[in-house]
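Peer 1: sequence first, predicted model second:
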Amino acid sequence: MSLWVLRGLRGGVVTTRWPKRPDGYADGWRGPATVHDPYPAGTAGLGELCPTGAISITGQPGAVRLDQGRCILCGRCVDSRPDVFAWSAGTTGPGAAALTRGGLVVPEVTETDAAVEAVRARLFARTVALRRSVHVRHVDAGSDGSEEWEVLALLGPVYDVHRLGVFFTASPRHADILLVTGAGAAGMAGPLRATYEAMPDPRVVIAAGTDAVSGGLLRESDVTTGGVSASVPVDVWVPGSPPSPFGILNALLIAVGRLGSNRKGTR
């Protein structure tokens with residue numbers, strides 16, 4: 001026992017103060033790929049660089065767009081064309097959560113201010129009563145396990161999600177937020193929907209990770225629904241394969257209106 005006490009005294013407080021105070025580790029976490037030159041000299045073959053079809057060329061002249069909701073962080077695009085693609089910051093940078101699926105496309109897809117404000121206002125109206133204490137039900141809908149490690153880290157001393165009034169619950173009847181990971185396995189569609197319907201209003205759904213957002217590498221497989229939005233209505237979309245604990249925590253706070261984001265659609 002004395003050894004643990006001495007260790008604690010030597011180590012000091014390890015719990016992050018984010019979001020109350022900046023955290024360099026949070027801002028430095030690598031997020032999905034992004035586009036830093038949307039009009040490169042050559043666009044031939046760019047679409048074939050991504051195994052999940054996240055890269056597209058639109059318009060004349062050809063404009064490069066990248067769907068971060070499909071990015072699995074393989075790095076092929078960044079390695080092959082560093083003149084066009086780069087890594088984004090993970091939590092508060094371009095990789096932050098979005099309130100619309102289109103908000104994960106970079107450069108940003110044009111959305112009217114009125115449409116963005118309407119989405120934000122509807123979510124705020126539903127969750128205004130949940131700001132001080134929220135309970136989360138996590139469901140694995142066909143994950144490879146990587147997102148689960150990041151979710152589990154939230155309960156440790158570094159992130160300590162309880163300090164922000166966020167608690168995990170085993171019962172959907174006690175849950176305010178449904179946190180879903182995985183590509184949306186076909187066999188989980190029914191249980192996932194049943195979990196959602198068992199939750200009391202107001203209820204919020206977060207799709208955490210590329211698999212949950214779009215299905216990732218399994219998006220066209222018959223054994224998945226290509227993401228979880230086919231089974232439950234998603235309110236907050238979190239890119240990353242996997243997203244960092246800071247990214248998931250960021251999404252939880254956005255979901256209940258306690259934190260904004262620099263991504264269009266979440267302010």
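Peer 2: Looks like it came in fine. Numbers count the residues shown, from 1 in each chain.
Peer 1: what are the ranges of the strands in the stretch 101-250 of the chain?
Peer 2: 105-106, 134-140, 166-168, 177-181, 204-208, 236-238 (DSSP state E, counting those that start in this stretch).
Peer 1: just checking, which of these comes out with the lowest mean pLDDT?
Peer 2: Ranked by mean pLDDT, these bottom out at strand 105-106, which scores a mean of 91.
Peer 1: partner strands of that strand, with direction?
Peer 2: Taking DSSP bridges as the criterion, strand 105-106 forms sheet pairs with strand 63-67 (antiparallel).
Peer 1: buried residues, the partner strand. List them.
Peer 2: Val64, Arg65, Leu66, Asp67 (16 or more other CB atoms under 10 Å). Heads up, the C-betas are built off the backbone N, CA and C, glycines and all.
Peer 1: format the strands of the stretch 101-250 of the chain as CSV; extra columns: distance to Tyr196.
Peer 2: Converted to CSV, the strands of the stretch 101-250 of the chain look like this (distance: least, CB to CB, whole Å):
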stretch, distance to Tyr196
strand 105-106, 26
strand 134-140, 9
strand 166-168, 17
strand 177-181, 6
strand 204-208, 7
strand 236-238, 14
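Peer 1: was I right to think Asp83 contacts Pro38?
Peer 2: No - look at Asp83 against Pro38 with CB atoms under 8 Å: they stay out of range, at 11.7 Å.
Peer 1: follow-up on the earlier one: looking at the buried residues of strand 63-67, spot the one nearest Asp144.
Peer 2: Asp67 (19.9 Å; CB to CB).
Peer 1: burial measure for Val158, as a count.
Peer 2: Applying other CB atoms under 10 Å, we find 11 residues neighbouring Val158.
Peer 1: separation between it and Arg258?
Peer 2: Counting by CB to CB, to the nearest Å, the gap from Val158 to Arg258 is 20 Å.
Peer 1: ok, back up a step: would you turn the strands of the stretch 101-250 of the chain into JSON lines with mean neighbour count?
Peer 2: Shown next, in JSON lines, are the strands of the stretch 101-250 of the chain (neighbours: other CB atoms under 10 Å):
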{"stretch": "strand 105-106", "mean neighbour count": "20"}
{"stretch": "strand 134-140", "mean neighbour count": "21"}
{"stretch": "strand 166-168", "mean neighbour count": "18"}
{"stretch": "strand 177-181", "mean neighbour count": "28"}
{"stretch": "strand 204-208", "mean neighbour count": "27"}
{"stretch": "strand 236-238", "mean neighbour count": "28"}
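Peer 1: closest one to Gly53 among these?
Peer 2: Nearest of the strands of the stretch 101-250 of the chain (CB to CB): strand 105-106, 12.6 Å.
Peer 1: who touches the closest one?
Peer 2: Under the criterion CB atoms under 8 Å, 6 or more residues apart in numbering, residues Thr34, Val35, Arg65, Leu66, Asp67, Gln68, Gly69, Pro94 lie in contact with strand 105-106.
Peer 1: wait, the first one sits on Trp87?
Peer 2: This means Thr34. Yes - counting by CB under 8 Å, Thr34 does reach Trp87; the two are 7.2 Å apart.
Peer 1: the more surrounded of these two?
Peer 2: For Thr34 versus Trp87, neighbours defined as other CB under 10 Å are more numerous around Thr34 (20 against 17).
Peer 1: right, I'll call it a day here.
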